[in-house]
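>>> sequence first, then the predicted structure, then my questions.
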Amino acid sequence: MPSSVPVEIRTQALLFDMDGVLISSLGSAVRCWRRWAAIYGIPDAENFALPHGVPARDIIRGVRPDVDTDDALRVIEDLEIEDASDLQVLPGVAALLNSLPPERWTIVTSCTRRLAEARLAAAGLPMPQTMITADMVTRGKPDPEPYRRGADVLRFSPADCIVVEDAASGVAAGVAAGCRVLALLSSTPVDELQAATWIVPSLDGVTAKRREGHLRITVPAGI
């Protein structure tokens with residue numbers, strides 16, 4: 001339930017989505033997917049609507065099930081890696097990540113590892129010790145598998161982790177995994193994020209402090 005006052009939360013670890021949570025690559029993603037759609041003969045390619053929070057492999061299978069998915073995935077990866085000129089780090093992200101012990105956070109993204117690593121490098125953000133990417137799971141968000149895997153690689157139970165998301169599919173995945181969810185209003189209307197535990201505009205003002213055996217997260221007043 002969103003709070004109208006700041007809250008302090010005890011948790012063991014944070015599981016971050018990447019696009020729309022840590023960085024904004026929406027401009028690049030839209031441009032590249034429209035170029036990809038033109039290459040693959042998708043009707044009205046210049047207006048191709050990119051579904052947010054859906055793994056690229058699933059997008060490809062949905063619109064061109066007849067092509068080699070691995071080849072098509074490599075094409076969109078190459079396009080997106082080359083187009084990072086307007087990638088932005090979102091408010092509050094650098095300070096929060098740099099305050100976290102490295103063993104207490106990871107990224108759980110619908111990007112492939114190759115693309116995720118390229119975007120983090122372009123943004124100048126720290127690389128987590130472990131990371132769950134689309135090519136490491138059988139079922140992507142909104143299935144709970146990615147966030148269950150994220151909790152597992154940090155050696156905590158999902159109930160002891162907070163998911164940080166901006167997409168409805170990611171919120172659903174976090175809830176289904178058994179995590180509490182902090183939702184950000186960077187890409188999705190607030191009425192589509194109501195399943196989240198807390199909703200805030202951004203990570204600006206969200207802080208983390210290590211206490212004996214746990215993290216203490218302070219979240220500003222939400223929506």
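Cool, the structure landed.

>>> now do the strands in this structure.
In the chain, the strands defined using DSSP state E lie at 7-11, 13-16, 23-24, 88-89, 105-108, 131-132, 161-165, 180-184, 198-200, 207-211, 214-219.

>>> which residues touch the longest one?
Put plainly, it is strand 214-219. By Cβ atoms under 8 Å, 6 or more residues apart in numbering, the residues outside strand 214-219 that reach it are 3, 6-14, 100, 104, 162, 182, 198, 200, 206-210. (Glycine included, C-beta is placed from N, CA and C.)

>>> domain ranges for this structure, per the record?
With domains defined by automatic domain parsing, the chain comprises 7-24+87-219, 26-82.

>>> quick one, which of these is packed in tightest?
domain 7-24+87-219 (a mean of 19; mean count of other Cβ atoms under 10 Å).

>>> can I get the strands of the chain in JSON lines with mean pLDDT?
Shown next, in JSON lines, are the strands of the chain (pLDDT from 0 to 100):
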{"stretch": "strand 7-11", "mean pLDDT": "94"}
{"stretch": "strand 13-16", "mean pLDDT": "98"}
{"stretch": "strand 23-24", "mean pLDDT": "94"}
{"stretch": "strand 88-89", "mean pLDDT": "94"}
{"stretch": "strand 105-108", "mean pLDDT": "98"}
{"stretch": "strand 131-132", "mean pLDDT": "97"}
{"stretch": "strand 161-165", "mean pLDDT": "98"}
{"stretch": "strand 180-184", "mean pLDDT": "97"}
{"stretch": "strand 198-200", "mean pLDDT": "94"}
{"stretch": "strand 207-211", "mean pLDDT": "93"}
{"stretch": "strand 214-219", "mean pLDDT": "95"}
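
>>> now render these as a markdown table, adding distance to Val153.
Shown next, in a markdown table, are those (distance: least, Cβ to Cβ, whole Å):
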| stretch | distance to Val153 |
| --- | --- |
| strand 7-11 | 16 |
| strand 13-16 | 10 |
| strand 23-24 | 21 |
| strand 88-89 | 24 |
| strand 105-108 | 6 |
| strand 131-132 | 7 |
| strand 161-165 | 11 |
| strand 180-184 | 18 |
| strand 198-200 | 24 |
| strand 207-211 | 19 |
| strand 214-219 | 17 |
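
>>> can you pull out the low-pLDDT segments for the protein?
Within the chain, the segments meeting pLDDT under 70 span 1-5, 221-223.

>>> Pro51 contacts Ile59, correct?
Yes: counting by Cβ atoms under 8 Å, Ile59 is a contact partner of Pro51 at 6.4 Å.

>>> ok, Gly62 to Val89 distance?
Gly62 is 30 Å from Val89, where distance means Cβ to Cβ, to the nearest Å.

>>> residue contacts, the closest residue to Leu120 other than its chain neighbours?
Leaving out its chain neighbours, the residue that sits closest to Leu120 by Cβ to Cβ, 6 or more residues apart in numbering is Met127, at 5.6 Å. Residues near Met127 by Cβ under 8 Å, 6+ apart: Glu117, Leu120, Ala121.

>>> ok, Ile76 touching Arg31?
No: taking Cβ under 8 Å as the definition, Ile76 is not a contact partner of Arg31, at 11.3 Å.

>>> how about Ser110: what's its closest non-neighbour residue?
Pro55 (4.4 Å).
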